Structure formats: C-alpha cells, structure tokens
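K.L.:
Return atomic coordinates for the entry below.
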Amino acid sequence: MAQTALLISDVAYARRIGIQPALPRKSLRGVLLNCGPYDPTQPNWDSPYGDFMRTVIWSYVGTRDPADPRVAQMSVTPHVTAAYPPAFITVGNADPLALQSTALAEALRAKGVEVDALFFPADYQPPLGHEYQLLIGTREGRQAFDRSVAFLRAHAN
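P.N.:
Okay, here's the model as predicted:
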C-alpha cells in the first residue's frame, strides 16, 4: 500500500518505475500503513529478519539479492515527497519491521506530510509482534482499530 500511494502521489516516481497510476492523486485522501517493509535496503541482512526481507524482495523483484538496483527503486521511505497522502502508521514494539515504520513516519513528517502514528515504547508489555493490530480482542488491537477508523473518517471528505 505504501508504494501504491507513492506511485499515485509522485508522477516522476511512477514514471521511473514504469507504471501509469489508475487513480489521480486527488482521489487518494489518506493511507493506512500497518507494519510494512518500507525500505528493504536498510535491514540487518544477517538477522532472521534479513531472511524475511530477502523473501519480500524475491516476491516483488524476482531476486533475493539486496544489491539489485530494483530493491532501492522499490523502497518507499527514501522517495517520499510532500505530495504523499496523509498517513496513519502503526507497528508493534516487538515487530522486526518497527524501525521501518518509524523511519517512514519521520521521513513523511520531514516532508510536511500529515502523519498519525501509533507506536509503542520498546519496553511496552506485553510485547506487540507483527500484525498486532489484527488482534482486535486486545486493548492494543482495539486501539489501533479505533485510531484507523478515526483517521479514515477525518480524511473521507
């Protein structure tokens, strides 16, 4: 979803990728981003997370080689512009993708993009793993759901 929003909001990026967006930028009023790999050029390749990112890269690009130039091209964080839509970003504190989400939020804010972020301190208990927001029966899952709905309502008009 993050890259789709980038393609729609940045014509030059879409052209570099070779995709003609089907939606005009004015149709994209906001984006919900839950614990994604927003910059696959940044992980610690020697960690178990590195293996996960190689799989993500392989799924998108057809290679497991993080040095392939297409990996840098598919990265969202270094390519965001002020035209990126408002974003709600959340990630669990024990998610291996947490640094990806916080870095994207920082990059968007630096460009003046509205960001509503739901992040948890590193020592938050219980630890919240990948896709914690799907556990709607938990307090944290419900909080993420409520914040997502509020974000969507605020940007629907």
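K.L.:
which secondary element of this protein has the worst mean pLDDT?
P.N.:
Each helix and strand of the chain was given a mean pLDDT (mean pLDDT, DSSP states H and E); the minimum falls on helix 48-61 at a mean of 80.
K.L.:
Now the very next helix or strand once past it: average pLDDT?
P.N.:
Later in the chain than helix 48-61, the nearest helix or strand by DSSP states H and E is helix 69-74. Mean pLDDT, helix 69-74: 84.
K.L.:
Okay, buried residues for helix 69-74 please.
P.N.:
Residues 71, 73-74 are the ones in helix 69-74 that count as buried (16 or more other C-beta atoms under 10 Å). The way it works is simple: take the backbone N, C-alpha and C, and place the C-beta from them, glycine included.
K.L.:
tell me what the first helix or strand past it going along the chain is packed against?
P.N.:
As assigned by DSSP H and E, the chain's next helix or strand after helix 69-74 is strand 87-90. Using 3 or more C-beta pairs under 8 Å, 6 or more residues apart in numbering; DSSP states H and E, the elements in contact with strand 87-90 are strand 31-34, helix 98-110, strand 115-118, helix 139-155.
K.L.:
tell me the mean pLDDT for the second one?
P.N.:
Within the predicted structure, the mean pLDDT of helix 98-110 is 95.
K.L.:
Show me which residues of that helix are buried.
P.N.:
Neighbour counts over helix 98-110 (16+ other C-beta under 10 Å) mark 98-101, 103-105, 107-108 as buried.
K.L.:
Perfect, that will be all.
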